[in-house]
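> when you get a sec, could you give me coordinates for this:
(chains A, B and C)
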Amino acid sequence: MIQELKQYFAASFEPALIEEMNRVGTFMEVPEGADLIKPGQYIRSIPLLLEGSIKILRPDAEGEELLLYHLERGETCAMSMTCCLSDVRSEIHAVAETDVRLLMIPVSKMEYWSSKYKSWRHFVMDSYHIRLMELLESIDNIAFNNMDTRLMHYLEEKVKILNNTHIDITHKEIAADLHTSRVVVSRLLKKMENDGVIRLHRSAIEML
DNA sequence: TCATTAACACGGG
DNA sequence: CCCGTGTTAATGA
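Numbering: from 1, shown residues only, chains lettered A, B, ... in the order given. So this is what the prediction gives:
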């Protein structure tokens, strides 16, 4: 475990901090598709992503959702930091996009480390910055792009995350993430197939 | 024009 | 049979 932490974080954290993370953190494995954080839930610890990818969704009043961004290795959820520190409920829904391995850090340590370790302060600030930028990108995408470009971005992101051009997903699931109807997804995907960009299979898409 | 909703047919597991 | 998919028709922004 400590080896793994060193491997991923030696470049960003002091050895003493890595040692402490190893001591107070709780190691967790979460299977693909499982909920990590449900909307409205209180958060008591901060997840540090060691392996895999997490998708962050924003639910609306009717419980319909919209994909905001993905978290990847070495990143953390800025949302959980603010929730922990101010003791408010989560505004977002976090789902494991792949099998995920996490290190859970207790909230108390988060504040303590901020005063003790310069690298941790940097990490926290960077995390906020990265999240804000991802959020802006997401807003741009939703506001300025049509569904066909949004769908293309979505598929490209999937390929990046899975590190595989074969994506196991149904049109219905895509529609849920993009907050649109299945009819639209089916139609656009069919068009992309006709344009030779992708190949469609049952419950799967192959990017070309 | 493009998205949504409802409805239907087809085929595979 | 149920689910995923492809398509159409009507309606709306």
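> list the contacts for A:E4?
A:L50 (CB atoms under 8 Å, 6 or more residues apart in numbering). Yep, even glycine has a C-beta here, placed from its N, CA and C like the rest.
> that one in helix, strand or coil?
For A:E4, the assignment made with DSSP: H, G, I helix; E, B strand; the rest coil gives helix.
> excluding sequence neighbours, find me the nearest residue to A:E97.
A:S53 (4.2 Å; CB to CB, 6 or more residues apart in numbering).
> residues making contact with the helix or strand bottoming out on mean pLDDT in chain A?
Here the helix or strand of chain A ranked lowest by mean pLDDT, DSSP states H and E is helix A:78-86, holding a mean of 82. Contacts with helix A:78-86, where a contact means CB under 8 Å, 6+ apart, come from A:37, A:42-47, A:56, A:88-92, A:107, A:110-111, A:124, A:127-128, A:130-132.
> how far is that helix from where the chain is centred?
16 Å (CA atoms, centre = their mean, to the nearest Å).
> cool, and stretch A:141-159?
Using CA atoms, centre = their mean, the offset of stretch A:141-159 from its chain centre is 16 Å.
> ok, now which ones touch A:T26?
A:45, A:103-104.
> beta partners for it?
Assessed by DSSP bridges, A:T26 has beta-bridge partners A:M104.
> hmm, the biggest helix by length in chain A in reach of DNA strand B?
Counting residues, the longest helix found in chain A (DSSP state H) is helix A:118-144. No: Helix A:118-144 lies out of reach of DNA strand B by CB under 7 Å from any atom of the strand, never closer than 11.6 Å.
> which strands or helices does that helix pack on?
strand A:65-71, helix A:78-86, helix A:107-116, helix A:147-162 (3 or more CB pairs under 8 Å, 6 or more residues apart in numbering; DSSP states H and E).
> what about 6 Å?
strand A:65-71, helix A:78-86, helix A:107-116 (3 or more CB pairs under 6 Å, 6 or more residues apart in numbering; DSSP states H and E).
> check whether it contacts DNA strand C.
No: judged by CB under 7 Å from any atom of the strand, helix A:118-144 stays clear of DNA strand C, getting no closer than 14.4 Å.
> show me the domain layout of chain A.
Chain A is divided into the following domains under automatic domain parsing: A:2-143, A:146-207.
> and these, which one averages the lowest pLDDT?
Of all those, the minimum mean pLDDT falls on domain A:2-143 (a mean of 91).
> can you measure across that domain, start residue to end residue?
43 Å (CA to CA, to the nearest Å).
> what's stretch A:98-111 in contact with?
A:24-32, A:45-48, A:50-53, A:84 (CB atoms under 6 Å, 6 or more residues apart in numbering).
> would you agree A:E14 is in contact with A:R121?
No: between A:E14 and A:R121 there is no contact under CB atoms under 6 Å: 11.6 Å.
> how about the residues of chain A by DNA strand B?
A:146-148, A:179-181, A:183-184, A:202.
> okay, the residues you listed in TSV with distance to DNA strand C and neighbour count next?
Formatted as TSV, those follow (distance: CB to the nearest atom of the strand, whole Å; neighbours: other CB atoms under 10 Å):
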residue	distance to DNA strand C	neighbour count
A:N146	13	8
A:M147	12	16
A:D148	15	14
A:H179	15	15
A:T180	12	16
A:S181	9	14
A:V183	4	10
A:V184	8	16
A:R202	5	5
